[in-house]
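K.L.:
no sequence on this one, just coordinates:
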């Protein structure tokens, strides 16, 4: 296989997975958007986190919420727990890396806030600990996973929302995560602003 064909294959695989996920994931994405809008209207906040590429996506989503997506609107209270290097390294150095998100959820999260997590395998200890802490604080959890959802699925409570991308390849899953986050942003704007 030459390099051009190999590159083309990436586009084809991504497009096929996007098409498969459109019908599969849209109801859960809509439900998540409705919960997020209710959270913002109740003057609560959203905490969002992930590792690696998902950490970058957490920042991306928070930026759209705090500023704007496609339409001008007031900022929506969203904090990326992956953004503050001083906090992340202080917690990791003094405690354990497994606590970098849970410690922030404990300090910043309040009852009826939302924790949005992204974990491709669903087994990252820092994500699992963040979910446990969010539940201790009576927060709703929205979980984006890949593959079979891993251990994270076992932690979800009734009322939590799972958006599972049925694929094992990390790059393909994160491509869908980006589309999910953009769909969430658009749905939130539509619900808040009455956009058709």
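P.N.:
Yep, it's here. The structure displayed is predicted, hence computed values, not measured ones.
K.L.:
ok, and the helix or strand in this structure with the lowest average confidence?
P.N.:
helix 85-94 (a mean of 94; mean pLDDT, DSSP states H and E).
K.L.:
Name the residues that touch that helix?
P.N.:
With contacts defined as C-beta atoms under 8 Å, 6 or more residues apart in numbering, helix 85-94 is touched by 82, 99, 100, 103, 104. Just so you know, the C-beta spots here come from the backbone N, C-alpha and C atoms, and that holds for glycine as well.
K.L.:
Determine which two of those are furthest apart.
P.N.:
The largest separation in the contacts of helix 85-94, counting by C-beta to C-beta, is between 82 and 99 at 14.1 Å.
K.L.:
higher neighbour count, those two?
P.N.:
Between residue 82 and residue 99, counting by other C-beta atoms under 10 Å, residue 82 is the more crowded of the two (24 against 18).
K.L.:
And the pLDDT at the closest residue in space to the more buried one that isn't next to it in sequence?
P.N.:
In space, and not counting its chain neighbours, residue 82 is closest to residue 55: 3.6 Å by C-beta to C-beta, 6 or more residues apart in numbering. pLDDT, residue 55: 97.
K.L.:
give me the element residue 55 is part of.
P.N.:
Assigned by DSSP states H and E, residue 55 falls within helix 53-66.
K.L.:
Downstream of that helix, the next helix or strand is which one?
P.N.:
Sequence order places strand 78-80 as the next helix or strand after helix 53-66, per DSSP H and E.
K.L.:
List the strands paired with that following strand, with their directions.
P.N.:
Paired strands of strand 78-80, with direction, are strand 46-50 (parallel) (DSSP bridges).
K.L.:
which residues are in contact with the strand it pairs with?
P.N.:
Residues from elsewhere that reach strand 46-50 (C-beta under 8 Å, 6+ apart): 36, 39-40, 55, 57-58, 61-62, 65, 76-82, 101, 104-105, 108-109, 113-119, 126-127, 130, 134, 139.
K.L.:
Sort out which residues of stretch 158-172 are buried, please.
P.N.:
Neighbour counts over stretch 158-172 (16 or more other C-beta atoms under 10 Å) mark 160, 161, 162, 163, 164, 165, 166, 167, 172 as buried.
K.L.:
Would you check how far apart the second one and residue 140 are?
P.N.:
In this case it means residue 161. Using C-beta to C-beta, to the nearest Å, residue 161 is found at 7 Å from residue 140.
K.L.:
now swap in the fourth one and tell me
P.N.:
Between residue 163 and residue 140 the distance, using C-beta to C-beta, works out to 13 Å.
K.L.:
got it, and the last one?
P.N.:
If you measure residue 172 against residue 140 using C-beta to C-beta, the figure is 27 Å.
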